[in-house]
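Novice: Below are the sequence and a predicted model; questions follow.
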Amino acid sequence: MEEPPLREEEEEEEEDEAGPEGALGKSPLQLTAEDVYDISYVMGRELMALGSDPRVTQLQFKIVRVLEMLETLVNEGNLTVEELRLERDNLRKELEGLRREGSAAGPEVNLGPDKMVVDLTDPNRPRFTLQELRDVLQERNKLKSQLLVVQEELQCYKSGLIPPREGPGARREKEAFVPRGSNANSNKEEKTIIRKLCST
């Protein structure tokens, strides 16, 4: 029965053997305020051994200031770590509560990788399918390219490079009046897609 107290005494002796010098061997992220005090003690002993030279005294004041800054940083770091631990614990409790509520409410619905739940009361919910958006983007790109061609043609007319009657635009105007079955149907489809999207 006496063995456990001996073990505790051995552990205390190991800590004492590391003593103040042990703080210098720690990682900066593991330092505590007590470690900073131990470092201060070691530094003070070393400075006392050097003597009372004015340069040593000046150096001592600078070292004290650096140790004060280190103590402040260590204390703030420890507070931040403690706050993060508390936040983590609170979030775990909240998650456990939500899981309990979810299991009590009923079985979860597994929607699969290509499904999602949409809140119909959410004003920022998606309103169009991906295919509808693709169609609109294709139509926009097509209209944009046509606009660029017309703008280039207009610049050519303005600069006088193309005479007004012989330009490619005159040919397009003639072609535009010739009704084509496929073009008329595609134009109607494009207009109906835009009307569908704008009406929703």
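Specialist: Thanks, I have the structure now. Residues are numbered from 1 along each chain as shown.
Novice: alpha carbons only for contacts and neighbour counts from here, please
Specialist: Noted.
Novice: what secondary structure does K26 sit in?
Specialist: Taking DSSP: H, G, I helix; E, B strand; the rest coil as the rule, one finds K26 in the coil state.
Novice: ok, now how distant is it from L50?
Specialist: 25 Å (Cα to Cα, to the nearest Å).
Novice: What backbone torsions are found at the nearest residue to P126 once chain neighbours are set aside?
Specialist: Of all residues not flanking P126 in the chain, V118 sits nearest, at 7.9 Å (Cα to Cα, 6 or more residues apart in numbering). For V118, the backbone dihedrals (degrees, to the nearest 10) come out as phi -120, psi 130.
Novice: Kindly report the same for V64.
Specialist: Per degrees, to the nearest 10, the backbone of V64 is at phi -60, psi -40.
Novice: returning to what we had before: shouldn't the residue nearest to P126 be in contact with R125?
Specialist: Yes - with contact defined as Cα atoms under 8 Å, V118 counts as touching R125 (6.7 Å).
Novice: Can you name the next helix or strand after the helix or strand harbouring L79?
Specialist: Using DSSP states H and E, L79 maps to helix 54-105. Next in sequence after helix 54-105, counting helices and strands by DSSP H and E, comes helix 130-159.
Novice: And that following helix, what does it pack against?
Specialist: Counting contacts by 3 or more Cα pairs under 8 Å, 6 or more residues apart in numbering; DSSP states H and E, helix 130-159 is packed against helix 181-199.
Novice: Run a quick neighbour tally on V42.
Specialist: 17 (other Cα atoms under 10 Å).
Novice: What of the one 3 residues further on?
Specialist: Around R45 sit 11 other residues, with neighbours defined as other Cα under 10 Å.
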